[in-house]
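**Q** Model the following, please.
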Amino acid sequence: MADPIEQFAVHPIPGLEFGEVTLPILGTQQIAVTNSHVAMTIAFGLVVLFLTLVTSGAKVVPGRLQSAGETLFGMIDGVTDSIIGHEGRKYFPFVFTLFTLVLGMNLLGMFLTFTATSQLAVTLTLALITILLVIGIGFAKHGLKFFLLFWPTSAPFAIRPIVGLIEFLSFLLRPITLALRLFGNMLGGHIALKIFAGFVVSMGGLVAAGGLGWLGLPVAALSMGMVVGLTALEFLVAFLQAFVFAVLASIYLNDVVNLGHGH
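**A** Okay, the predicted model is just below:
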């Protein structure tokens, strides 16, 4: 049975290797276009193509493609509006970009042998971009009052420093948890799919070779059923994880946009 971890290996595309470079901290690194680059580029291109087809030639009575696009648009617009409030529309483009890009990479991974969001480097980069934007907006809107985020006025004064420290550490962990949630779900799901698909092939091979006779067929059938079920579940997880990423990004933005008060 093939190694289920092999599908996550990052390797350069033959003919697209451009040598090595020595960096001060990272040392010697190879410069090349990898399967990860290709997967992300294809996902980006498909998202741009989808949005172009949806927005060009829009009709009063939408077709299926336009309806799908308007549904996604309305869903994320509702998320930013309900979480952030009247200023949510200002941050909608960023949240919608995050959602569509993550969704594109997740869904593309169901058809290719490589899933970009199963790489911690990719999910952590998206999480760091989100948190850096949150910090930047916090200082731009509130200056040093941004640190009031870590001074909970609702808590008794005696324990505010302790609660504030916990809040600060929790804030620092946000990019890590945001990245690990997406990475872990995509990694685990694809490993399970690979394992059960391997059982189908292995049992089928043993039956064909006469090693187990017909005893291997029930195992192969059960494994095939699991593959079908997990595939359907993975499509659902691909959508839900992109949606959760967008919701959490909106929550983090709300913390600094509406600092110390509701919307």
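
**Q** Mind checking what helix or strand follows whichever strand or helix holds residue 132 in sequence?
**A** According to DSSP states H and E, residue 132 maps onto helix 120-142. Downstream of helix 120-142, the next assigned helix or strand under DSSP H and E is helix 160-209.

**Q** What residues sit buried inside the helix holding residue 132?
**A** 120, 122-124, 126-127, 130-131, 133-134, 137-138, 142 (16 or more other C-beta atoms under 10 Å). Just so you know, the C-beta spots here come from the backbone N, C-alpha and C atoms, and that holds for glycine as well.

**Q** Take these and write them to TSV, including distance to residue 103 and pLDDT.
**A** Output for these, formatted as TSV (distance: C-beta to C-beta, whole Å; pLDDT from 0 to 100):
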residue	distance to residue 103	pLDDT
120	19	91
122	14	93
123	13	95
124	18	95
126	12	95
127	16	96
130	16	96
131	20	96
133	19	95
134	21	95
137	24	94
138	27	92
142	32	88
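
**Q** before we move on, the earlier item: just want the angle from the helix holding residue 132 to helix 160-209.
**A** 150 degrees (axes from the mean of the first three to the mean of the last three C-alpha atoms, to 10 degrees).

**Q** got a list of what residue 96 touches?
**A** By C-beta atoms under 8 Å, 6 or more residues apart in numbering, the contact set of residue 96 is 72-73, 76-77, 246.

**Q** related to what we said a few turns ago, mind putting the buried residues of helix 120-142 in CSV, distance to residue 28 included?
**A** Converted to CSV, those look like this (distance: C-beta to C-beta, whole Å):
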residue, distance to residue 28
120, 22
122, 23
123, 26
124, 23
126, 27
127, 28
130, 31
131, 30
133, 33
134, 35
137, 38
138, 38
142, 43
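
**Q** residue ranges with poor pLDDT in this structure?
**A** 1-2, 26, 58, 206-216, 260-263 (pLDDT under 70).

**Q** Which strands and helices lie in contact with the helix holding residue 132?
**A** Applying 3 or more C-beta pairs under 8 Å, 6 or more residues apart in numbering; DSSP states H and E, one finds that helix 120-142 contacts helix 88-108, helix 160-209, helix 216-257.
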